[in-house]
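*Asks:* Fold the following.
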Amino acid sequence: MGEQRRTDTGSVKWFVGLTFGISWLMALLFWISGIEWGSPAAFVFAVAYMLVPLICAVWVQKIIRGKPVLGPLRVSFRPDRWWLVAWLGPVALAVAAFAVALLFSGVQYAPDMSGLFERLSDMLPPEALQEMQLHMSPTVFLWMTLLQTLLAGPTINAVLAFGEELGWRGFLQKALGHLNFWKSSAVIGLIWGLWHAPLILQGHNYPNYPVVGVFMMTVWCVLLSPMFSYVTLRSGSVIPAAIMHGSLNASYGLSVMLLRGGSELLVGISGLAGFVVLLAVNLAIYLAYPETAHLAADSLLPED
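*Replies:* Prediction:
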């Protein structure tokens, strides 16, 4: 057991060092290039950035550890009910974050989506924004957003998110197996959040608060991590984590589109409202499975 722990520690160092080194070097080159965040070129960069954990996990697993990739890193395409939970769970989180945000001072329910148009004013040309306001029914826009969320989450978004999840929940969760579920989730969440730092500083997720946003993103990832680890252990596969990640990314609009007021630090899935919801989810996981406090991070959870 002691030798295995030393081996895993070395693997973690290799994986984290390579992932941060390559990712942050890419971010530095992107910043030097002067490409504007939000442009098509920035989207291509973000996609490439998301694939780095996958590449590093495969390299360390195959070259450093000399072990197979698919089975040991829990790449299994056998669907179960946790795939459905991973798909629809983030939508429920978005709705819950929307409800919590309404409890905050200065945040109001805006069925005409005036708050959304205010947020979009920083991202869209005035002509395009005016066209949307004139010709897009709020009800139609809401249903279109929900449909897009449900379709994109488990498909294109999940494929891209798999680039991260094979690293975080596939490789790193296995390598940290000597820790218990909650300690492992916290360590992975901290690494995951800090890895985002160059993107946040460019304006991702918290465009008006890039420095504070690094702290917010790190806390958010720490709070998200148990939920992602939980579906991985319940299903025995990293695929539901990728689906949940993709669906979460697609669900953000649902959490803010009917709100007016409040900054990105306060409202939305990745704001304080989302933090409150995730704390409740983590408490629910602990109460449902108190044995997770002692369970090894790489142990599969039993079915009910």
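*Asks:* all helices for the stretch 51-200 of the chain, in order.
*Replies:* For the stretch 51-200 of the chain, the helices defined by DSSP state H, counting those that start in this stretch cover 81-101, 114-120, 126-135, 138-152, 156-165, 173-175, 181-195, 197-202.
*Asks:* which of the ones you listed has the lowest average pLDDT?
*Replies:* For the helices of the stretch 51-200 of the chain, mean pLDDT drops lowest on helix 126-135, to a mean of 66.
*Asks:* picking up where we left off before, would you reformat the helices of the stretch 51-200 of the chain as TSV and include distance to residue 28 and mean neighbour count?
*Replies:* Glycine gets a C-beta too; all of them are placed from N, C-alpha and C. Compiled in TSV, these are given as follows (distance: least, C-beta to C-beta, whole Å; neighbours: other C-beta atoms under 10 Å):
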stretch	distance to residue 28	mean neighbour count
helix 81-101	31	20
helix 114-120	29	17
helix 126-135	32	11
helix 138-152	30	14
helix 156-165	20	21
helix 173-175	27	25
helix 181-195	14	21
helix 197-202	8	20
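*Asks:* check contacts around residue 203.
*Replies:* Contacts for residue 203 (C-beta atoms under 8 Å, 6 or more residues apart in numbering) come out as 37-38, 210.
*Asks:* Filter those down to the buried ones and express that as a ChimeraX selection.
*Replies:* ChimeraX command restricting the contacts of residue 203 to the buried ones, with burial defined by 16 or more other C-beta atoms under 10 Å:
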select :37,210
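*Asks:* Check the closest residue to residue 275 other than its chain neighbours and give its pLDDT.
*Replies:* Leaving aside its sequence neighbours, residue 275 sits nearest to residue 223 (C-beta to C-beta, 6 or more residues apart in numbering; 6.0 Å). Residue 223 is assigned 98 on the pLDDT scale.
*Asks:* Can you name the helix or strand that residue 223 falls in?
*Replies:* helix 210-235 (DSSP states H and E).
*Asks:* so that helix versus helix 181-195, what angle?
*Replies:* Interaxial angle of helix 210-235 relative to helix 181-195 (axes from the mean of the first three to the mean of the last three C-alpha atoms, to 10 degrees): 140 degrees.
*Asks:* Report the buried residues of helix 210-235.
*Replies:* Applying 16+ other C-beta under 10 Å to helix 210-235 flags 210, 213-214, 216-235 as buried.
*Asks:* on that earlier part again, tell me the least confident of the contacts of residue 203?
*Replies:* Among these, residue 38 has the weakest pLDDT, 80.
*Asks:* SS state for that one?
*Replies:* coil (DSSP: H, G, I helix; E, B strand; the rest coil).
*Asks:* quick one: it and residue 168, what's the gap?
*Replies:* For residue 38, the distance to residue 168 (C-beta to C-beta, to the nearest Å) stands at 25 Å.
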